[in-house]
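K.L.:
The following block contains a protein sequence and its predicted model.
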Amino acid sequence: MDSKRLRAIIALLFAFSLIAAACGDDDDGGSGDTSSTTAGDSSTTEGDGDTTTTAGDSNEGAAGEAVFVASQWPECTNPITSCANASWLSWISSNQVLPRLMEVDVDGKYVPSPVLAGDPETTENEDGTFSVSFAFSPDAVWNDGSPITSADVAFTQDAKLDTTGTLSTAGYDLITGVDASDPAVAVITFSEPYAAWPDLFGGATEHFLKADEFDSTDVADTMNEGIEFSGGPWLTESFNQEQLILVANENYWNADRMPQISRVVFVPREETETQITALRSGEASVAFPQPFPGIVEQVGDLDLTIGAGAFIEGMWINQQSPSSGNVLASPNVRKAVIYALDRQVIADQALSFMENPEVLNCAGWSPTLGEWCDQTDFAGYEQDFDMVTTLLTEDGWTREDGAECWSKDGQDLNIVTNTVAGNERREGVQLVVQEMTKEAGICWTIENYDPGELFENRLPQLNFGPIGLYAQSASPDPTVTQLYRSDQIPSEENEFGGQNYTAYANTELDPVLDASDTEVDEATRLELIHEIGDVMAEDVVWIPLYLLPNSTIWNSEIIGGPVDLYNSSVYSSFENMYDWTVEG
């Protein structure tokens, strides 16, 4: 390759000037996190070295095999349980094999997926309920040739509510029924108008299942070692902790998304340096790592795109954390922490590969997706050590002359912080925070984990922090009910379902969250979302830092096609790998 092609999708020349702008899920708790976990040595491509295509070889016209690297490896492939808390599960597995009703296009807008015959119809019923009708394409079939029908949606609704350890039931718990009497039309009825309906059974992170594959609506003990059916372009051949193998679905009905590659192998390569080495050597061809300081120099003559993402990164506060004496349950201490920070310095350090990185100041939305993000929410929290002193003194903390930390009732203000081990950018942020708050008397203990442990085990059990440094995926729809409503706090009583990992319980805000979901007038809904943001900022439910950019690196001598088309989407660059080709 003659020269590096740094794509300037660096398209954040909107009001938010992140030129290259994230639990979760990823999630980052939903995001694409990197880790120092040693499970994939760069000298090994496919675990057992077997490169023979087996069941479901390839559809006619597909050719070749490609190896891609994953920055985070899911502990299982169940899309309903806490395994789905890892964004990488949907990116490399669920999105590739499971159908969805609505989907998000490259411009961040909701559109009907290929399984639908057209736009859904919404109805506000006379009894106050709200219905959405989805008509299926007559061409849409599962990989065994059986039609995709309304019964599959009805089954998935039951599975969402009945499965032990369901990740979240937000929105699904408002459904009063799925009318599957007509196999070609699914009519979903809600107890009241529900504006976020495009995100159910599809949208940014959801899907639906094949009903006749299951004996029970509790699917917790299924799909953990691969999904054995498909309504998407790919079929799962095998999954373990060394690799995931997908083969082209020869019975996929949509000609526009018919895979051009016969076989795709994903392997875990958590360290970004190892990913780049694998691409440069030809061991693998595509990576989707989080950008880091020095990324342009390290990538060299490989292809690189950095662009605006949909992940909001910050310090997520667990108000029920078992460590640090649960000190951040106090609003004064939470405010003291944010006043001790210079968030601009943090952004400059973490996003040093960008020009003029900006601080994120809204409470749960991405500036790239609609008008929901109010950048004034947290703007008043600038570094102020006098405010730290005032707040902690009011809360009963004292600091003797020469003492390193504030203390109260014999306990030092020493806060445990967790992030993904080996993520250079985030570990750098932890060190910057530790150093910049010394003068303010706030001390830190750093304990980091591999992504599976942090996102699939510790977050869902509220066994982290009390501060976790990670990114949360934003959606084109602004609902944040699953993140902040009091009944979404994981607990033994709800079998640790729900995604309110901040353990924030404000029963006065709950009705406002509900109203923001049921309000279908966009202007009125915007007012409600901004009201939620004001409360989040006043209570310092979490500390926003910056919008996390996405980056795609690939070796165009090995892989061809529009590899970076989905770089800035909620789906990751692997979303359209059906359009990629093996070169040479």
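P.N.:
Alright, I've got the coordinates. Numbers count the residues shown, from 1 in each chain.

K.L.:
quick one: low-confidence ranges for the chain?
P.N.:
Scanning the chain for pLDDT under 70 picks out the ranges 1-61, 584.

K.L.:
how many other residues sit next to G428?
P.N.:
As a burial measure, G428 scores 16 neighbours (other Cβ atoms under 10 Å). (Each C-beta comes from the backbone N, C-alpha and C, glycine too.)

K.L.:
With T524 instead?
P.N.:
As a measure of burial, T524 has 12 neighbours, counting by other Cβ under 10 Å.

K.L.:
List the contacts of L391.
P.N.:
Contacts for L391 were tallied using Cβ atoms under 8 Å, 6 or more residues apart in numbering; they are 332-333, 335-336, 339.

K.L.:
Using PDB, write out every CA atom in stretch 155-174.
P.N.:
Extracted in PDB, the C-alpha atoms of stretch 155-174 (Å, rounded to 0.1, in the frame of the first residue of the first chain):
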ATOM      1  CA  PHE A 155     -42.600 -15.700  21.700                       C
ATOM      2  CA  THR A 156     -39.700 -13.100  22.100                       C
ATOM      3  CA  GLN A 157     -42.000 -10.900  24.100                       C
ATOM      4  CA  ASP A 158     -42.700 -13.800  26.500                       C
ATOM      5  CA  ALA A 159     -39.000 -14.700  26.600                       C
ATOM      6  CA  LYS A 160     -38.100 -11.100  27.600                       C
ATOM      7  CA  LEU A 161     -40.400 -11.300  30.600                       C
ATOM      8  CA  ASP A 162     -39.900 -14.900  31.600                       C
ATOM      9  CA  THR A 163     -36.200 -15.500  31.200                       C
ATOM     10  CA  THR A 164     -34.200 -15.700  34.400                       C
ATOM     11  CA  GLY A 165     -31.700 -12.800  34.500                       C
ATOM     12  CA  THR A 166     -33.200 -10.900  31.600                       C
ATOM     13  CA  LEU A 167     -31.000  -7.900  31.000                       C
ATOM     14  CA  SER A 168     -33.800  -5.400  30.700                       C
ATOM     15  CA  THR A 169     -37.600  -5.500  30.400                       C
ATOM     16  CA  ALA A 170     -38.000  -1.700  29.900                       C
ATOM     17  CA  GLY A 171     -40.700  -1.100  27.300                       C
ATOM     18  CA  TYR A 172     -41.600  -4.700  27.100                       C
ATOM     19  CA  ASP A 173     -43.300  -4.500  30.400                       C
ATOM     20  CA  LEU A 174     -45.700  -2.000  28.900                       C
END
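
K.L.:
Mind listing what's buried along it?
P.N.:
For stretch 155-174, a neighbour-count test (16 or more other Cβ atoms under 10 Å) marks 155-160, 163, 165-172, 174 as buried.

K.L.:
Looking at those, point me to the pair that's furthest apart.
P.N.:
G165 and L174 (20.7 Å; Cβ to Cβ).

K.L.:
Three-state assignment for the residue lying closest to A329 once chain neighbours are set aside, please.
P.N.:
Sequence neighbours aside, Q319 is the residue nearest to A329 in space, at 4.8 Å (criterion: Cβ to Cβ, 6 or more residues apart in numbering). Counting by DSSP: H, G, I helix; E, B strand; the rest coil, the backbone at Q319 sits in coil.

K.L.:
Could you find the closest non-adjacent residue to F136?
P.N.:
Closest residue in space to F136, ignoring its immediate chain neighbours: A184 at 5.3 Å, by Cβ to Cβ, 6+ apart.

K.L.:
Wait, the one you found touches S137, no?
P.N.:
No. Using Cβ atoms under 8 Å, A184 is not in contact with S137, being 9.1 Å away.

K.L.:
higher neighbour count, these two?
P.N.:
Ranked by neighbour count (other Cβ under 10 Å), A184 and S137 place S137 first, with 18 against 15.

K.L.:
any idea how far A140 is from the nearest residue to that one once chain neighbours are set aside?
P.N.:
Excluding its sequence neighbours, the residue lying closest to S137 (Cβ to Cβ, 6+ apart) is A117, at 4.8 Å. Distance of A117 to A140, given as Cβ to Cβ, to the nearest Å: 9 Å.

K.L.:
ok, now G561?
P.N.:
24 Å.

K.L.:
mind listing what N457 touches?
P.N.:
Residues near N457 by Cβ under 8 Å, 6+ apart: 75, 82, 463.

K.L.:
what about the residue nearest to R263 when sequence neighbours are not counted, how many residues close to it?
P.N.:
Spatial nearest neighbour of R263, chain neighbours left out: E65 (4.3 Å); criterion: Cβ to Cβ, 6+ apart. By the measure other Cβ under 10 Å, the count of residues near E65 is 16.

K.L.:
Would you agree E65 is in contact with W580?
P.N.:
No. Applying Cβ under 8 Å, one finds E65 not in contact with W580, separated by 11.9 Å.

K.L.:
mind listing the strands for the stretch 101-250 of the chain?
P.N.:
For the stretch 101-250 of the chain, applying DSSP state E, counting those that start in this stretch gives strands covering 102-104, 110-112, 121-124, 130-135, 175-182, 185-190, 234-239, 244-248.

K.L.:
Out of these, which is the most enclosed?
P.N.:
strand 244-248 (a mean of 27; mean count of other Cβ atoms under 10 Å).

K.L.:
And S133, how close does it get to D377?
P.N.:
37 Å.

K.L.:
any idea how far the residue in the chain sticking out farthest from the centre is from D384?
P.N.:
Distance from the C-alpha centroid of the chain, by Cα atoms, centre = their mean, peaks at D401 (44.4 Å). Between D401 and D384 the computed distance is 21 Å (Cβ to Cβ).

K.L.:
for Y484, same thing?
P.N.:
For Y484 relative to D384 (Cβ to Cβ), the value is 26 Å.

K.L.:
if you count what's nearby, which of those two comes out ahead?
P.N.:
For Y484 versus D384, the count of surrounding residues by other Cβ under 10 Å is larger for Y484: 26 against 18.

K.L.:
circling back to that earlier point, now the common contact residues for A184 and S137.
P.N.:
Among the neighbours of A184, none is also in contact with S137 (Cβ under 8 Å, 6+ apart).

K.L.:
Could I get the full set of helices for the chain?
P.N.:
Using DSSP state H, the helices of the chain run over 26-29, 87-89, 95-97, 150-162, 272-281, 295-299, 331-339, 343-350, 385-394, 424-436, 451, 481-484, 510-518, 522-539.

K.L.:
What is the burial count for the residue nearest to G171 when sequence neighbours are not counted?
P.N.:
Using Cβ to Cβ, 6+ apart and skipping the chain neighbours, the partner closest in space to G171 is L200 (5.1 Å). A count of neighbours around L200, defined by other Cβ under 10 Å, yields 25.

K.L.:
Could you do the one 4 residues further on as well?
P.N.:
Counted with other Cβ under 10 Å, the burial measure for A204 works out to 24 neighbours.

K.L.:
if we can go back for a sec, so what sits against both of E65 and W580?
P.N.:
Counting by Cβ under 8 Å, 6+ apart, the shared contacts of E65 and W580 are I261.

K.L.:
picking that back up, could you check which of A117 and A140 has the larger neighbour count?
P.N.:
Shown here are A117 and A140; by other Cβ under 10 Å, A140 has more neighbours (20 against 16).
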